[in-house]
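J.: No letters, just coordinates:
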């Protein structure tokens, strides 16, 4: 996901195919601002290092050094920090919320939580997400896996977390 903030081009969890580096570099040149790469979860470092190398980008995780108008939401015990773009009412999760391929959202499979220490149950994840996300005026949910939610994101969140 790329977001043209006023002071930087933000790449979130970049996974860049070889034939897309050129268009991404064109976008960077047109925007004319430094590149910042943010990862939501440790498994999404996929093209991060290459983006840092190619664009002289700064890699960040969490709230420090983010572009203007970009916020992060740490999900306690879930090993994930989501990105929130208030201007677009867009939430960018990593692996804890997935597209359900029917225009909605679902929680990640329980097996995706096994590596977390201390352990986190599916119910605890659901509650943590409810506490962190349901007060946001979400319109878009730009997921890493599955189809994105492009309208009524708050309702999709509510449904997935009920």
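T.: That came through, no problem. Everything quoted here is computed from the prediction, not taken from an experiment.
J.: shaky segments in the protein?
T.: Within the chain, the set of residues satisfying pLDDT under 70 comprises 62.
J.: center of it, which residue is that?
T.: residue 92 (3.1 Å; C-alpha atoms, centre = their mean).
J.: Return the residues in contact with the nearest residue to it once chain neighbours are set aside.
T.: Counting by C-beta to C-beta, 6 or more residues apart in numbering, the nearest residue to residue 92 once its immediate chain neighbours are dropped is residue 83, at 4.0 Å. Just so you know, the C-beta spots here come from the backbone N, C-alpha and C atoms, and that holds for glycine as well. By C-beta atoms under 8 Å, 6 or more residues apart in numbering, the contact set of residue 83 is 1, 10, 12, 38, 40, 70-73, 91-92.
J.: if we go to 6 Å?
T.: Counting by C-beta atoms under 6 Å, 6 or more residues apart in numbering, residue 83 touches 12, 72, 92.
J.: of all those residues, which comes closest to residue 118?
T.: Nearest to residue 118 out of the contacts of residue 83 is residue 72 (C-beta to C-beta; 22.3 Å).
J.: list the helices and strands the host helix or strand of that closest one packs on?
T.: Element membership of residue 72 [criterion: DSSP states H and E] is strand 71-75. With contacts taken as 3 or more C-beta pairs under 6 Å, 6 or more residues apart in numbering; DSSP states H and E, strand 71-75 sits against strand 80-85, helix 122-133.
J.: ok, then the element right after the longest one?
T.: When you say that, I think you mean helix 122-133. Counting by DSSP H and E, the element after helix 122-133 in chain order, helix or strand, is strand 140-141.
J.: Kindly report the same for the first one.
T.: Using DSSP H and E, the helix or strand that follows strand 80-85 towards the C-terminus is strand 90-92.
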